[in-house]
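Q: Build the 3D model from these lines:
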Amino acid sequence: MATTDPAPTRSRSHSHSRALVIGGGIGGLTAALALHARGWRVTVLERAPELKPVGAGISLAPNAQRALDVVGLGDEVRALAAWEGDGGLLTPRGRWLSRADPARAAERFGGPLVLLHRATLIGMLADRLPAGTVRTGAQACLADAGDPADAARPARVTTGDGELEAELVVGADGIRSAVRGALFPGHPGASYAGFTTWRVLAPPLGRRFVEHESWGRGQLWGTHPFADGTLYAYAAARVPAGRTAPGGDERAELLRRFGDWHDPIPAIIDAVGPGQVLRHDVHHIAEPLPAFHRGRVALLGDAAHAMAPSLGQGGNQAIEDAVVLAHHADPHGEADLAGYTRERQPRTAMIAGRARTVARLSMMRSRPAVAVRDAAMRAAGLLGPAATLRGMDGIADWRPPQRRAYGEAGARV
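A: All right, here's what the predicted structure looks like:
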């Protein structure tokens, strides 16, 4: 239910509310931007020497685009929408399992799916933050979660340059989150999801093709274009954790696994250089956390609810987390972190559960099970595009909580 925030009693320039964001990825930067807009003095602590995201592309569904509207980036992202043709789910031989209708999806969920490079989104977010907000090369460690009931006990974070205090600390430090470990030391953390992924960027092929995801036996491949024609492709396979290709040649591994799949998969692999293939084992949080906060510290994104990439919602949910957290963060320095947990935990658990289900379906290896799966997908496809879109109901149609906006001086606008 929409809520209305009280008018602030002091301007941003006199606000003493301090927020430290540990992690300069998409979720962390979105949180920094959203908190800054709320009147917080924000510092982002990123351990890498530069803001260089891991991965190639990210798909932003309408739910994440609406979250980005909150920080003024929604329309800029929508302008990068690239695909207006058909697509869908195929077998390795190119036989249709189900077709997708982007126009119907956009109508149902309120906008198109937008694919862009992670670095592009990172740049958009960072460029909107005040100069000096992001500190790179900053090794941060949570020393004390603080106590929101005790004004004299802020949260404390240690860095190589000394100790920092804040009324709010945001743990946006990814799957292997040290902040999560400090808050919940008894939690097992992230575990291997049972499959590994490869990601590549290839130059335009100079011809039209069907945007697709293709499912085989324990393997899948997906191909999607950026607005400039660059191709983003990803693959996945069920393998033991920690494996790498012989001699480290992951391109050769892709050729071995997918070189005889349908067009344009072999052409994409041929267009990629040997050192241009990213490979990462997929980890997820199988055992939910007891909460997404403790003391004055909140977790978001993969640190809170790492999920399988099967629905393409991992980054989208981090963006949602960020704007909902800011919604619950009063500009005077008080943050309703229990409210943040109540709002985000059930939703992300539901989406993570759906992602696990899709991952299990796509990674089936048994021939009889795959035959049954494919028949079921074809039958669902015969029911029309609306049937295949229902899987994203309750996900892509999400809207951020509403509040009144504030200008630069903290005045209600």
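
Q: And the helices in the stretch 301-413 of the chain, which stretches?
A: Assigned by DSSP state H, counting those that start in this stretch, the helices in the stretch 301-413 of the chain fall at 302-305, 314-327, 337-362, 367-382, 385-389.

Q: same check, this time on the chain
A: Ranges of helices in the chain, per DSSP state H, are 26-38, 62-70, 74-78, 102-109, 118-127, 178-183, 250-258, 265-270, 302-305, 314-327, 337-362, 367-382, 385-389.

Q: Mind putting those into TSV with mean pLDDT and mean neighbour count?
A: In this view, the C-beta of every residue, glycine as well, is placed from N, C-alpha and C. Formatted as TSV, the helices of the chain follow (pLDDT from 0 to 100; neighbours: other C-beta atoms under 10 Å):
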stretch	mean pLDDT	mean neighbour count
helix 26-38	97	28
helix 62-70	97	25
helix 74-78	96	16
helix 102-109	86	16
helix 118-127	95	18
helix 178-183	98	21
helix 250-258	97	19
helix 265-270	96	19
helix 302-305	98	27
helix 314-327	98	27
helix 337-362	97	18
helix 367-382	91	14
helix 385-389	66	16
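
Q: could these go into JSON lines alongside distance to Glu50?
A: Output for those, formatted as JSON lines (distance: least, C-beta to C-beta, whole Å):
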{"stretch": "helix 26-38", "distance to Glu50": "13"}
{"stretch": "helix 62-70", "distance to Glu50": "23"}
{"stretch": "helix 74-78", "distance to Glu50": "22"}
{"stretch": "helix 102-109", "distance to Glu50": "35"}
{"stretch": "helix 118-127", "distance to Glu50": "10"}
{"stretch": "helix 178-183", "distance to Glu50": "20"}
{"stretch": "helix 250-258", "distance to Glu50": "24"}
{"stretch": "helix 265-270", "distance to Glu50": "29"}
{"stretch": "helix 302-305", "distance to Glu50": "20"}
{"stretch": "helix 314-327", "distance to Glu50": "19"}
{"stretch": "helix 337-362", "distance to Glu50": "29"}
{"stretch": "helix 367-382", "distance to Glu50": "43"}
{"stretch": "helix 385-389", "distance to Glu50": "39"}
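
Q: Which one of the helices of the stretch 301-413 of the chain lies nearest to Gln402?
A: Set against Gln402 and scored by C-beta to C-beta, the helices of the stretch 301-413 of the chain come closest in helix 314-327, at 8.7 Å.

Q: Quick one: list the elements packing against that closest one.
A: In terms of contacts (3 or more C-beta pairs under 8 Å, 6 or more residues apart in numbering; DSSP states H and E), helix 314-327 is packed against helix 26-38, strand 57-60, helix 62-70, helix 302-305, helix 337-362.
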